[in-house]
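>>> Next comes the sequence, and after it the predicted model I'd like to discuss.
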Amino acid sequence: MEPLVSIITPMFNSETYISETVNSVLNQTYTNWELLLIDDGSTDKTLKIAEALTSKYSNIILFKNEKNLGAALSRNKGILEAKGSYIAFLDADDLWKPEKLEKQISFMTDDRYDVCFSSYELIDEKGNSLHKTVKALPVLTYHKLLKSNYIGNLTGIYSAEVLGEITTPNLRKRQDWLLWLEAIKRSGKPAKSLLESLAYYRVRENSMSSN
């Protein structure tokens, strides 16, 4: 049996992109996953779209924040609810390539890596390629990660089975960087990457990630 992967997706007024984002998970060649959608007080049609998805797919689960708490606390909520052996992250406007989970999980299980990430490509608000790939470092030590956040959150996966649940302080910025630092620290081993691009990062004027 393939290990269960929990995918954490915070949403805030994400009606424009959330269907496409979720479809990129539904299209994964790896099938044993649960998708935890955490709505952070959206005022648009995000909830309606999410509720339609949860009624159709039993492995898509929706959580609602009573008020807007920000990305860090929304992610933490998902991490604490996750049941998977592995935890992965996907923001509500980014996309995965179909073989993303399959390639990373097989790489992690075969070579016993606790933290894995990959290269990814940039797209614009409409989903057009910006012809730029953010290349992953082959090996990432704790010391190296202290200098700059080299892990694209949409590509990062860690083993919750080995490292436990890793939540982050409630910071508006850089909380994902702290999460990956803690993961590598707990692992005691460097993170390893797949050099190929496995995801698309949407560059937006005013997104959760850019503000």
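Sure, I can see it. Computed from a predicted structure; not experimentally measured.
>>> who's in contact with the residue most central in space within the chain?
Taking CA atoms, centre = their mean, the centroid of the chain lies closest to residue 89, which sits 1.2 Å from it. Going by CB atoms under 8 Å, 6 or more residues apart in numbering, residue 89 touches 7, 8, 9, 75, 153, 154, 156, 176. C-betas here are computed from N, CA, C, even on glycine.
>>> Tell me the one of the residues you listed nearest residue 137?
Among these, residue 156 lies closest to residue 137 (CB to CB), at 12.8 Å.
>>> how far away is the closest one from residue 142?
15 Å (CB to CB, to the nearest Å).
>>> Counting neighbours, go ahead and name the busier of the two.
residue 156 (21 against 17; other CB atoms under 10 Å).
>>> Mind pulling the model confidence for the residue lying closest to the more buried one once chain neighbours are set aside?
Counting by CB to CB, 6 or more residues apart in numbering, residue 117 is the residue found nearest to residue 156 once chain neighbours are left out, at 4.7 Å. Model confidence at residue 117, given as pLDDT, is 98.
>>> Residue 117 bridge partners, please.
Note on residue 117: beta-bridge partners by DSSP bridges are residue 193.
>>> Would you confirm that it contacts residue 193?
Yes - if you go by CB atoms under 8 Å, residue 117 and residue 193 touch, sitting 5.0 Å apart.
>>> list the residues that contact both of the two?
136, 140.
>>> if you average pLDDT over the helix or strand hosting residue 22, what comes out?
Under DSSP states H and E, the secondary-structure element containing residue 22 is helix 18-26. The average pLDDT within helix 18-26 is 98.
>>> Neighbouring strands - and their directions - for whatever helix or strand comes next after it?
Beyond helix 18-26 in the direction of the C-terminus, DSSP H and E gives the next helix or strand as strand 33-39. Taking DSSP bridges as the criterion, strand 33-39 forms sheet pairs with strand 5-11 (parallel), strand 60-64 (parallel).
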